[in-house]
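Colleague: okay, structure incoming, though there's no sequence with it:
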C-alpha cells in the first residue's frame, strides 16, 4: 500500500489538524488518542512516512521503539496508572484504521476494563487535562 500523505496523522504532523501533543523530537511525535481505550492513551508515530511495521526503515523503526520505551513509563506516571499495554495494528484486517505507522501506549489499572478500540470520542477537556499531566512528567524527564 502506498503512503497517503493526506492521512490524519500526516495532517497532524504538518499542523493542519490539532491534537493533544505530549512529546516531539526530530524523528518522533506523540499525542493522545481522541478515542482512548483508557485515560492517557498515547500514540507515538515516526515522522518518516510509513504505513505499517514492515515498510519503515530499520533505523527509523529502532528510533521509534526507543521513543516508545522512554515515553511509556512517563505516560504511566503522568496519569497514575499501574502499568501499560502496547498495541500496534498492521492492515485493515488487523484493526488498523490510520495507515501511518503508530504505536499505542495504553495505561492500565487492574480494576478498569478497556474501552473498545476506536469507538468513542473522549471529551476534549478530559484529553487536555490528561495531556497536561503527561507533558509535565515528560518535560521533567526528557527536557
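Modeller: That came through fine. Just so it is clear, the structure is predicted and the values come from calculations on it, not from any experiment.

Colleague: could you pull out the helices for this structure?
Modeller: 8-13, 58-79, 124-142 (DSSP state H).

Colleague: packing partners for the first one?
Modeller: Spelled out, that is helix 8-13. Secondary structure elements in contact with helix 8-13, counted by 3 or more Cβ pairs under 8 Å, 6 or more residues apart in numbering; DSSP states H and E, are strand 28-32, strand 42-46. Every residue, glycine included, has its C-beta placed from N, CA and C.

Colleague: between those, which gets nearest to residue 120?
Modeller: Ranking these by proximity to residue 120 (Cβ to Cβ) places strand 28-32 first, at 13.8 Å.

Colleague: who's in contact with the closest one?
Modeller: Strand 28-32 is contacted by residues 12-13, 19-24, 40-47, 63-64, 67, 71, 127, 130-131, 134 when judged by Cβ atoms under 8 Å, 6 or more residues apart in numbering.

Colleague: weed out the non-buried ones from these.
Modeller: 12-13, 19-20, 22-23, 40-47, 63-64, 67, 71, 127, 130-131, 134 (16 or more other Cβ atoms under 10 Å).

Colleague: read off the pLDDT value for the spatially most central residue of the chain.
Modeller: For the chain, residue 43 is the residue whose C-alpha lies nearest the centre (Cα atoms, centre = their mean; 0.4 Å). As predicted, residue 43 sits at a pLDDT of 98.

Colleague: and what of residue 7?
Modeller: 98.

Colleague: would a markdown table of the helices and strands packed on helix 8-13 with distance to residue 140 be doable?
Modeller: Shown next, in a markdown table, are the helices and strands packed on helix 8-13 (distance: least, Cβ to Cβ, whole Å):
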| stretch | distance to residue 140 |
| --- | --- |
| strand 28-32 | 16 |
| strand 42-46 | 17 |
